[in-house]
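1. Show me the folded form of this:
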Amino acid sequence: MPMKRINVYADPEGLAIIKEAAKRRGTSEVEIIRRGIHLAAMANRVWDEPLFSRTFDGSGRTPSKAELRDTVADAVNAAAPGCS
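-> Residues are numbered from 1 along each chain as shown. Model prediction:
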């Protein structure tokens, strides 16, 4: 998908946090910013249907923390390709 250029103003403290996160993760600062934009957009999205309008087949047991974490991580990575 082609990217569109935008201008964003940020305070020096926020930019320093982004720079440190990028260095720690071994990625670019712009990739951190893109992921943040995606997460903010998803957090403010208005959904067309209620959160619990569907039912799912399952084992009937509560998933472990690790299973839940992995499922959420897989869904986030699928929704934001190239931002992992």
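
2. what about the most centrally placed residue in the chain, helix or strand, and which?
-> In the chain, the residue lying closest to the centroid (CA atoms, centre = their mean) is residue 39, at 4.2 Å. Assignment of secondary structure by DSSP states H and E places residue 39 within helix 29-43.

3. Also residue 2?
-> Under the criterion DSSP H and E, no helix or strand holds residue 2.

4. In terms of pLDDT, where does it sit?
-> At residue 2, the model reports a pLDDT of 90.

5. And it, how close does it get to residue 42?
-> If you measure residue 2 against residue 42 using CB to CB, to the nearest Å, the figure is 20 Å. Backbone N, C-alpha and C define where each C-beta goes, glycine included.

6. Looking at the two, which one has more neighbours?
-> A side-by-side neighbour count of residue 2 and residue 42, using other CB atoms under 10 Å, places residue 42 first with 11 against 3.

7. residues touching that one, list them.
-> With contact taken as CB atoms under 8 Å, 6 or more residues apart in numbering, residue 42 is in contact with residue 79.

8. give the contact list for the residue nearest to the centre of the chain.
-> By CB under 8 Å, 6+ apart, the contact set of residue 39 is empty.

9. So which bits of the helix holding residue 39 are buried?
-> Using 16 or more other CB atoms under 10 Å as the test for burial, helix 29-43 gives 31-33, 35.

10. shaky segments in the protein?
-> 50-56, 81-84 (pLDDT under 70).

11. Quick one: the helices in it, in order.
-> Ranges of helices in the chain, per DSSP state H, are 12-25, 29-43, 65-79.

12. export those to TSV and tack on distance to residue 49?
-> Shown next, in TSV, are the helices of the chain (distance: least, CB to CB, whole Å):
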stretch	distance to residue 49
helix 12-25	34
helix 29-43	16
helix 65-79	17
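
13. closest to residue 6 out of those?
-> Residue 6 lies closest to helix 29-43 among these, at 8.8 Å (CB to CB).

14. Would you mind extracting the C-alpha trace of that closest one into CSV?
-> C-alpha atoms of helix 29-43 as CSV (Å, rounded to 0.1, in the frame of the first residue of the first chain):
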residue,chain,number,x,y,z
GLU,A,29,12.0,6.1,14.6
VAL,A,30,9.5,6.4,11.7
GLU,A,31,8.5,2.8,12.2
ILE,A,32,7.7,3.5,15.9
ILE,A,33,5.7,6.5,14.8
ARG,A,34,3.8,4.6,12.2
ARG,A,35,2.9,1.9,14.7
GLY,A,36,1.7,4.5,17.2
ILE,A,37,-0.5,6.1,14.5
HIS,A,38,-2.0,2.7,13.7
LEU,A,39,-2.6,1.9,17.4
ALA,A,40,-4.2,5.3,18.0
ALA,A,41,-6.5,4.9,14.9
MET,A,42,-7.6,1.5,16.0
ALA,A,43,-8.2,2.7,19.6
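
15. Much appreciated, bye for now.
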